[in-house]
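Asker: dropping the sequence and predicted coords here.
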Amino acid sequence: MIPYTPPVADMRFVLNEIAGLADLATLPGCEAASPDLVDAILDEAAKLARDVLAPLNRVGDQEGSRLENGVVRTPTGFKEAYRAYVDGGWNALPFDEAHGGQGLPFVVATAVLEMWNSANLAFALCPLLTVGAVELLQAHGSDAQKDLYLGKLVSGEWTGTMNLTEPQAGSDVGALRTRAVRADGHYLITGQKIFITYGDHDMTPNIVHLVLARLPDAPPGTRGISLFVVPKFMVNPDGSLGERNDIRAVSLEHKIGIHASPTAVLAYGDGGGAVGYLIGEENRGMEYMFTMMNNARLNVGLQGVAIGERAYQQARDFARMRIQGKPLGAARSAGPLPIIHHPDVRRMLLGMKAQTEASRALAYYVAAALDRARHEPDPAKRADQQALVDLLIPVVKAWSTDLGCEIASTGVQIHGGMGFIEETGAGQHYRDSRILPIYEGTNGVQAMDLLGRKVLRDNGTAARAFIAGMRALDTDLAAEHGDDLATIRSLLTGAIDALAEATEGLIAASAEDPAAAAAGSVAYLRVFGTVAGGWLMAKGALAAQQALRRPGTDARFNEAKLVTARYYAEQYLPGAAALLPAIAGGRTVMAFDLEAF
Ligand SMILES: Cc1cc2nc3c(=O)[nH]c(=O)nc-3n(C[C@H](O)[C@H](O)[C@H](O)COP(=O)(O)OP(=O)(O)OC[C@H]3O[C@@H](n4cnc5c(N)ncnc54)[C@H](O)[C@@H]3O)c2cc1C
């Protein structure tokens, strides 16, 4: 398998030029993010990702996690790697200092999380869920719950899980049946949860499950769901571990990818009831869980970026080694050359690179907006940034994970037949990537969220504001010279026009026929992501061109940024207008007779 080299140069570029890290670091609570510290963090994280986590990716795939006599065992090396991760203080990066965190902006942690995910997607899922659990407890836990659980979760000494899914309740979370009965100062939980990521494992002494369940007298649907914290081992008031709680991993799923990540069926209460503690108020569990889901959706989108990067590096390095034929245009005297010289292989590689960079730019941009939504002193600015985050989270989740799969598939294609053979590792990235559009709300559900909750609910206000913000870049692009930026500018203008037309068209169509509009929403989300990514690539191109005029900057890196952005604009931005009929085609979908399938 080809090693992973964290793309620290591009990460720095995106943090500085797209996420606006310098400006972010002036906000109260973000001051720790000095350029020197961020540089050091990226370099150190790169070592752990490259030297410890990435070499375990293949082992994890081949061994998988196993359930043996009721105990879940992670693959060889995972326990030690997790220890190194905790000892390095990595889990604590973005959290409040009050609970042992390092108080760094979320966007810095985002870059680091990308590295873990590229290095070893199945490993990284564990911290990804713990991060969500911390966010949730910070926002909604009682002081006592925070005191008991947060310190250990922030440090990573314990891990967190998210328990929504049941056999009959997948996308329809409101159908869940796990019961919670009031007891003396706590609740007793009984029922079965399925597909619980890292629902059990041997990497930490305790696991903190966040569980959705229903009280006997709760109203039906999502309005009757409560949220509980249910530890694997009971926690004594002094923080030490007590008895084992009534939770059992009954089986682990056999999956097509992320084999190392134990996806557990959990039985709650076989022995009479697992002890759980209510978070917040009864029947408000879905509302609280959304705190965790929003975070997780952004981070799953980031997994799409990460797998794209890994697949790209794998394909690029393979293309440099594999010798096959004489490329078109090579000198007559030349012999066979590495396939990277073939025009079509170059095309595929540049596409992988461009799409990965665009999705990275969007993910970091949204992560920085999340930081601003928390730390801007002006409440109006905070509200604007939160609206931006809410609008773009489904886009990051769905667009980036769809791209992750497509990029991983192109990676297999570049390998030719060897891509279909497991030894190269290209197949693992492809298999691992396939879950990303499914979990954390399928991409179809994300598209409905974008259209229904984020665009229609405020009658297009947030979407129009975002579109206007993208148009504002035109002045800066117009002020620059050169064919690259002129081409990007013209294609970007057309693509933004297409997004605006699609938005207005869907707002009107939804009033007439909501189902037809919903059937067009996946194409709409694709347009949204494509254009937002293109806008940020244009922003990056502008910064790269300006950097090229400054002495001492990395000319090869900045020229590559410019050409990659141009390629993205030429290759993908015309797709925005081309998808308008597909969005309107929601009507055709709904006109098709169900019996004719
Ligand atoms: C490896 C793995 C790890 C997971 N980890 C966790 C975890 O840690 N915790 C947890 O709680 N869950 C977890 N899940 C569950 C995951 O979130 C669900 O599988 C996912 O939400 C989809 O639910 P489902 O599988 O029941 O599919 P279904 O809901 O049955 O969906 C099937 C199809 O119908 C579509 N569909 C369903 N409803 C709608 C709708 N309203 N509108 C449009 N389309 C719709 C879907 O898009 C999909 O294409 C995990 C799943 C897997 C496979």
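Answerer: Yep, that arrived.
Asker: separation between the closest residue to the ligand within the chain and residue 96?
Answerer: Nearest residue of the chain to the ligand, counting by CB to the nearest ligand atom: residue 170, 1.6 Å away. (Glycine included, C-beta is placed from N, CA and C.) Here residue 170 is placed at a distance of 33 Å from residue 96 (CB to CB, to the nearest Å).
Asker: for the residue of the chain closest to the ligand, give me its contacts.
Answerer: Neighbour list for residue 170: empty [criterion: CB atoms under 8 Å, 6 or more residues apart in numbering].
Asker: residue 361 too?
Answerer: Going by CB under 8 Å, 6+ apart, the list of residues near residue 361 reads 14, 18, 533, 536-537, 539-540.
Asker: give me that answer again for 6 Å
Answerer: 14, 18, 536 (CB atoms under 6 Å, 6 or more residues apart in numbering).
Asker: show me those that map onto helices.
Answerer: Mapping the contacts of residue 361 onto helices (DSSP state H) picks out residue 536.
Asker: give the helix, strand or coil label for the closest residue to residue 186 other than its chain neighbours.
Answerer: Excluding the flanking residues, the one nearest residue 186 by CB to CB, 6 or more residues apart in numbering is residue 275, at 5.1 Å. Here residue 275 is recorded as strand under DSSP: H, G, I helix; E, B strand; the rest coil.
Asker: who's residue 275 bridged to?
Answerer: residue 188 (DSSP bridges).
Asker: what residues sit buried inside stretch 98-117?
Answerer: 99-117 (16 or more other CB atoms under 10 Å).
Asker: again, but for stretch 338-353
Answerer: For stretch 338-353, by 16+ other CB under 10 Å, it's 339-342, 345, 348-353.
Asker: would CSV of those with pLDDT, distance to the ligand and secondary structure be doable?
Answerer: Shown next, in CSV, are the buried residues of stretch 338-353 (pLDDT from 0 to 100; distance: CB to the nearest ligand atom, whole Å; DSSP: H, G, I helix; E, B strand; the rest coil):
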residue, pLDDT, distance to the ligand, secondary structure
339, 96, 34, helix
340, 96, 34, helix
341, 94, 39, helix
342, 95, 36, coil
345, 97, 32, helix
348, 98, 28, helix
349, 98, 29, helix
350, 98, 31, helix
351, 98, 26, helix
352, 98, 24, helix
353, 98, 28, helix
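Asker: close to the ligand: what parts of the stretch 201-350 of the chain are there?
Answerer: Contact residues, the stretch 201-350 of the chain versus the ligand (CB under 6 Å from any ligand atom): 255, 263.
Asker: can you count the residues close to residue 192?
Answerer: 16 (other CB atoms under 10 Å).
Asker: tell me the SS of the residue nearest to it when sequence neighbours are not counted?
Answerer: Take residue 192 and drop its neighbours on the chain: the residue closest to it by CB to CB, 6+ apart is residue 267, 5.6 Å away. Three-state call for residue 267 (three-state DSSP): strand.
Asker: check contacts around residue 267.
Answerer: Contacts of residue 267 by CB under 6 Å, 6+ apart are 192, 248, 250.
Asker: helix/strand/coil for the second one?
Answerer: At residue 248 the chain is in strand, as set by three-state DSSP.
Asker: show the pLDDT at the closest residue to it other than its chain neighbours.
Answerer: In space, and not counting its chain neighbours, residue 248 is closest to residue 267: 4.8 Å by CB to CB, 6+ apart. Model confidence at residue 267, given as pLDDT, is 98.
Asker: switch the contacts of residue 361 over to a markdown table; also include pLDDT.
Answerer: Output for the contacts of residue 361, formatted as a markdown table (pLDDT from 0 to 100):
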| residue | pLDDT |
| --- | --- |
| 14 | 98 |
| 18 | 98 |
| 536 | 98 |
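Asker: okay if I get the contacts of residue 267 as a markdown table plus pLDDT?
Answerer: Shown next, in a markdown table, are the contacts of residue 267 (pLDDT from 0 to 100):
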| residue | pLDDT |
| --- | --- |
| 192 | 98 |
| 248 | 97 |
| 250 | 97 |
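Asker: of those, which is the nearest to residue 125?
Answerer: Nearest to residue 125 among the contacts of residue 267 is residue 250, at 19.9 Å by CB to CB.
Asker: what's the closest one in contact with, if anything?
Answerer: 265, 267.
Asker: cool, residue 101 as well?
Answerer: 92, 95, 154.
Asker: those: which ones sit near the ligand?
Answerer: Answer for those near the ligand: none qualify (CB under 6 Å from any ligand atom).
Asker: buried only: go through these for me.
Answerer: 92, 95, 154.
Asker: could you find the closest non-adjacent residue to residue 126?
Answerer: Counting by CB to CB, 6+ apart, the residue nearest residue 126 is residue 198, at 4.7 Å.
Asker: tally of neighbours for that neighbour?
Answerer: So residue 198, with other CB under 10 Å, has 27 neighbours.
Asker: the one 4 residues further on too?
Answerer: By the measure other CB under 10 Å, the count of residues near residue 202 is 14.
Asker: same check, this time on residue 216
Answerer: 8.
Asker: which residue packs closest to residue 149, ignoring adjacent ones?
Answerer: residue 208 is the one closest to residue 149 (CB to CB, 6+ apart), at 5.5 Å.
Asker: beta partners for the one you found?
Answerer: Assessed by DSSP bridges, residue 208 has beta-bridge partners residue 160, residue 231.
Asker: test my guess that it contacts residue 232.
Answerer: No - with contact defined as CB atoms under 6 Å, residue 208 does not reach residue 232; the gap is 7.6 Å.
Asker: didn't residue 32 look like it was pressed against residue 103?
Answerer: Yes - counting by CB under 6 Å, residue 32 does reach residue 103; the two are 5.3 Å apart.
Asker: which residue packs closest to residue 564, ignoring adjacent ones?
Answerer: residue 354 (5.0 Å).
Asker: can you map out the helices along the stretch 301-450 of the chain?
Answerer: For the stretch 301-450 of the chain, the helices defined by DSSP state H, counting those that start in this stretch cover 343-375, 379-414, 426-433, 443-448.
Asker: could you redo these as TSV and give each row distance to residue 490?
Answerer: Below are the helices of the stretch 301-450 of the chain laid out as TSV (distance: least, CB to CB, whole Å):
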stretch	distance to residue 490
helix 343-375	18
helix 379-414	23
helix 426-433	33
helix 443-448	28
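Asker: of those, which stretch is the most buried?
Answerer: helix 426-433 (a mean of 26; mean count of other CB atoms under 10 Å).
Asker: run the chain-centre distance for that helix.
Answerer: Distance of helix 426-433 from its chain centroid, counting by CA atoms, centre = their mean, to the nearest Å, is 16 Å.
Asker: who touches residue 20 in this structure?
Answerer: Contacts of residue 20 by CB under 6 Å, 6+ apart: none found.
Asker: coming back round to it: neighbours of the residue nearest to residue 186, how many?
Answerer: 21.
Asker: ok, it to residue 145 distance?
Answerer: Counting by CB to CB, the gap from residue 275 to residue 145 is 13 Å.
Asker: same question, residue 94
Answerer: Counting by CB to CB, the gap from residue 94 to residue 145 is 20 Å.
Asker: over to residue 37?
Answerer: For residue 37, the distance to residue 145 - CB to CB - is 31 Å.
Asker: what mean pLDDT does stretch 561-576 have?
Answerer: According to the model, stretch 561-576 has a mean pLDDT of 98.
Asker: okay, buried residues for that stretch please.
Answerer: Going by 16+ other CB under 10 Å, stretch 561-576 has these buried residues: 561-569, 571-573, 575-576.
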